[in-house]
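>>> how would this look folded up:
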Amino acid sequence: MKHLESLFDRALDAVVGMDEAGLVVAWNGAAEEMFGWPRAEAMGSSMGDLIVPPQHRDAHARGLEHYNRTGEGPVLEQRVRITALHRDRAEFPVELSIFPMSGDGGGRIFYAFIRSMAAEEAARRAQELRAREGEALLAVAQKLLEDVSLDEFTQFCLDSVCAVSGMEAGHFHVVRGRGPHARLHPTGIWHLADPRFQPVVEATSVVRFAPGEGLPGRAWQSGQLQALVDLPASCQFVRRSVFEEVGLTRAVALPVWQGGDVHGVLEFFGTSYARLDEEVLRMLQTVGSQIGVALHRKQHAEHRETLRREMSHRVGNSLSVLASIYRSCSREARTKDELDEAFLGRLVAVGQANRMAVEDASKSVALQALIEEATGILPERSRISIEAPNLSVDRDSIMPLALILNELATNALKHGSSCQDSRLAVRARFDESNENLVLEWREHRAVPLAVPPPTPERVGFGTKLMWHMVEGRLGGIFERCLDEAGFRVMLRLPRERLEAPPELAPATIHSGAADG
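Numbers count the residues shown, from 1 in each chain. Presented below is the predicted three-dimensional model:
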């Protein structure tokens, strides 16, 4: 037998031997490495207790007893795929073949040649996950092209991630509020694989997460995927009692980025059977990040649809504005060079105003600069006066306020060009309570009309647009008056909706062309 032991020690596969009592009698170096048991500890131990998983031990014992009694073994000298047990109690797939041989002292010894299939299984699983990942991303991309609401699209994304990852529940939190008051709010958009998980919806509906609080808050604060493999044991998971009751014990939270900030958090939950190994987490990270991009695009698509009609209106307005600018410049210019210099500068100002109105602002802008940018298209700067407090406009409010001011400036240019001596005064101040910004736009006629101008028969799109921006987007009040003395608009805008958090420095508005 010495020559067999020498041969087994040179084998690349694990070779183990077991006697008729089920005790280990052979254990080569490859077996030590594969199963984690040194030869000295393995020898004489029960093979069933050592490497056979608990669910297979009864069958192992019955098979050994049947062979000892009848001499028959259906799995002998066959290639068999099954799972084996490592010393750390982790199961892994193996392929083995068993050969009975006569022992030196009589009886039988069963030798098993065992090859680990863990690497092959991992590669197969990774390939399968990549295929499912690709299918999920393709489905999300196709859904993005369909005419569905943002809520419907978010629901589809949750369903897709749960299907590809094997998670049982999914939910989307969204960031609301600014600065120190920002919190993660539940959206009510859930994927539930089983109605018995419904209690987690109610438990989540009343919770608001600050940065770093709970699993969603940690994903928000860190900007990275966060995973928990044992919710009941985590004191930081504030909803653990409800989730444990319904059998959801594993969780993953993924931040959804919008620009440079986290816009929301996707969270997914599974039972104890849910896999959260490295491959699954990588897949969730990839799919989740792409879904975050898709959600961002869907939001922007809805935003662009809101602006679509305004852009159509703006094209016509811009042509009228440019014609008026050209007429004004041509009256003053004495040479072609003077005309080019005056007109081209104002042409850039019109493009800049349009750009500010439709692009997402990434920083706050000083109110004074915003007003000056909008009125930059008007000639006769000496007839314009602007007064504004030191206020940084929040990035979410820049677009609606720029649209309002640009619309007012455009109308002043179109309809005020015949009043050669008209003046414009823009005044902004805080009211007595300091809770509202009062912005007044007043166009004064040098010579009042003898009779009031006729009331327009219909409300134009420009007025509707300003009304929507003031009341719908900024939560303010809009008043306008046209009389013998001129035109007046009064805006009352909530300061909390308008003012940027202190940590956001005002952006500088440049007069030249936008960077590429």
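
>>> Just the residues contacting the biggest strand by length in the chain, thanks.
In the chain, with assignment by DSSP state E, the single longest strand is strand 91-102. Residues from elsewhere that reach strand 91-102, judged by Cβ atoms under 8 Å, 6 or more residues apart in numbering: 53, 67, 73, 75-86, 108-118, 120-121. All C-beta spots, glycine's among them, are computed from the backbone N, C-alpha and C.

>>> Only C-alpha atoms, please: export that strand in PDB.
Taking C-alpha atoms only, strand 91-102 is exported to PDB below (Å, rounded to 0.1, in the frame of the first residue of the first chain):
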ATOM      1  CA  GLU A  91     -20.600  23.600   0.800                       C
ATOM      2  CA  PHE A  92     -19.100  23.500  -2.600                       C
ATOM      3  CA  PRO A  93     -19.700  21.300  -5.700                       C
ATOM      4  CA  VAL A  94     -17.500  18.400  -6.500                       C
ATOM      5  CA  GLU A  95     -17.200  15.600  -9.100                       C
ATOM      6  CA  LEU A  96     -16.100  12.200  -7.700                       C
ATOM      7  CA  SER A  97     -15.700   8.600  -8.500                       C
ATOM      8  CA  ILE A  98     -15.400   5.800  -5.900                       C
ATOM      9  CA  PHE A  99     -13.600   2.500  -6.400                       C
ATOM     10  CA  PRO A 100     -13.600  -0.400  -3.900                       C
ATOM     11  CA  MET A 101     -10.400  -2.300  -3.300                       C
ATOM     12  CA  SER A 102      -9.300  -5.200  -1.000                       C
END
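
>>> Skip ahead from that strand and say which helix or strand is next.
strand 108-116 (DSSP states H and E).

>>> and the angle for that following strand with strand 91-102?
150 degrees (axes from the mean of the first three to the mean of the last three Cα atoms, to 10 degrees).

>>> Please name every helix or strand in contact with strand 108-116.
Applying 3 or more Cβ pairs under 8 Å, 6 or more residues apart in numbering; DSSP states H and E, we find strand 108-116 packed against strand 14-19, strand 24-27, helix 29-35, strand 91-102.

>>> at 6 Å instead, please
Contacts defined by 3 or more Cβ pairs under 6 Å, 6 or more residues apart in numbering; DSSP states H and E place strand 108-116 against strand 14-19, strand 91-102.

>>> Make TSV out of those strands and add mean pLDDT.
Output for those, formatted as TSV (pLDDT from 0 to 100):
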stretch	mean pLDDT
strand 14-19	92
strand 91-102	89
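
>>> pLDDT below threshold where in the stretch 151-300 of the chain?
Judged by pLDDT under 70, the stretch 151-300 of the chain has its weakly predicted residues at 259, 292, 299-300.

>>> Okay, helices next: where are they in it?
For the stretch 151-300 of the chain, applying DSSP state H, counting those that start in this stretch gives helices covering 199-205, 214-222, 240-246, 278-332.

>>> What does the pLDDT read for D340?
Note on D340: pLDDT of 81.

>>> which residues touch it?
D340 makes contact with no residue under the criterion Cβ atoms under 6 Å, 6 or more residues apart in numbering.

>>> where's it, which helix or strand?
Going by DSSP H and E, D340 is in helix 336-358.

>>> domain ranges for this protein?
Under the assignment automatic domain parsing, the domains of the chain span 2-116, 121-298, 333-507.

>>> I'd like to know which of these is closest to Y326.
domain 333-507 (5.7 Å; Cβ to Cβ).

>>> one step back: note down every partner strand of the longest strand of the chain and its orientation.
strand 80-85 (antiparallel), strand 108-116 (antiparallel) (DSSP bridges).

>>> Can you say which of the contacts of strand 91-102 are buried?
67, 73, 82-85, 109-118 (16 or more other Cβ atoms under 10 Å).

>>> what's the distance between the closest residue to Q285 other than its chain neighbours and R208?
Leaving aside its sequence neighbours, Q285 sits nearest to L225 (Cβ to Cβ, 6 or more residues apart in numbering; 5.1 Å). As judged by Cβ to Cβ, to the nearest Å, L225 and R208 stand 22 Å apart.

>>> for G476, same thing?
26 Å.

>>> Same question for Q226.
18 Å.

>>> In terms of neighbours, single out the busier of the two.
Q226 (21 against 14; other Cβ atoms under 10 Å).

>>> hang on, the more buried one packs against R218?
Yes - using Cβ atoms under 6 Å, Q226 is in contact with R218, at 4.9 Å.

>>> contacting residues around R39?
Counted by Cβ under 6 Å, 6+ apart, R39 has contacts W27, E32.

>>> next SSE after the strand or helix carrying L405?
Per DSSP H and E: L405 is located in helix 395-415. The helix or strand immediately downstream of helix 395-415 is strand 423-430, counting by DSSP H and E.

>>> Not counting that next one itself, show me its contacts.
Here strand 423-430 has contacts from 371, 383-388, 438-444, using Cβ under 6 Å, 6+ apart.

>>> Quick one: distance of the helix or strand following it to the chain centre.
Moving toward the C-terminus from strand 423-430, the next helix or strand (DSSP H and E) is strand 436-444. Offset of strand 436-444 from its chain centre (Cα atoms, centre = their mean, to the nearest Å): 39 Å.

>>> oh, and call the first residue 14 from now on, that's how I've got it
All set: I'll call the first residue 14, so the last point we hit is now strand 449-457.

>>> Tell me the strands beside strand 449-457, with direction?
When DSSP bridges is applied, strand 449-457 pairs with strand 436-443 (antiparallel), strand 499-507 (antiparallel).

>>> Most tightly packed of those strands?
strand 499-507 (a mean of 20; mean count of other Cβ atoms under 10 Å).

>>> average pLDDT for whichever helix or strand comes after that one?
Where DSSP H and E defines the elements, the next helix or strand beyond strand 499-507 is helix 508-511. Mean pLDDT, helix 508-511: 88.

>>> Buried residues, helix 508-511. List them.
R510, L511.

>>> With stretch 101-110 instead?
So for stretch 101-110, counting by 16+ other Cβ under 10 Å, buried means F105, P106, V107, L109, S110.

>>> Which strand residues bridge the last one?
Assessed by DSSP bridges, S110 has beta-bridge partners F126.

>>> How about the first one?
According to DSSP bridges, A97 are recorded as the beta-bridge partners of F105.

>>> A131 versus that one, what's the distance?
In terms of Cβ to Cβ, F105 sits 4 Å off from A131.

>>> Please apply the same query to the second one.
For P106, the distance to A131 (Cβ to Cβ) stands at 6 Å.

>>> try the fourth one
For L109, the distance to A131 (Cβ to Cβ) stands at 14 Å.

>>> Just give me the residue right at the centre of this structure.
The centroid of the chain falls nearest to V269 when counting by Cα atoms, centre = their mean (1.7 Å).

>>> Surely that one touches G301?
No - assessed by Cβ under 6 Å, V269 is found out of contact with G301, at 7.8 Å.

>>> any low-confidence regions in the stretch 414-529 of the chain?
Those would be 428-434, 470-474, 515-529, if you go by pLDDT under 70 across the stretch 414-529 of the chain.

>>> now do 90
Counting by pLDDT under 90, the stretch 414-529 of the chain has low-confidence residues at 414-436, 445-448, 457-488, 491, 493-500, 509-529.

>>> Filter the contacts of strand 436-443 down to the buried ones, ChimeraX style.
The buried residues among the contacts of strand 436-443 can be selected in ChimeraX (16+ other Cβ under 10 Å) with this line:
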select :384,397,401,451,452,453,454,455,456,457
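
>>> hmm, which two among the contacts of strand 436-443 are most spread apart?
R396 and V451 (22.6 Å).

>>> What is the burial count for the closest residue to V153 other than its chain neighbours?
Excluding its sequence neighbours, the residue lying closest to V153 (Cβ to Cβ, 6+ apart) is A307, at 5.4 Å. A307 has 20 neighbours, counted by other Cβ under 10 Å.

>>> Verify the stated contact: A307 with Q155.
No - the criterion here is Cβ under 6 Å, and A307 misses it with Q155 at 10.7 Å.

>>> returning to that earlier point: what's the helix holding L418 packed up against?
So helix 408-428, by 3+ Cβ pairs under 6 Å, 6+ apart, packs with helix 291-345, helix 349-371, helix 380-388, helix 474-480.
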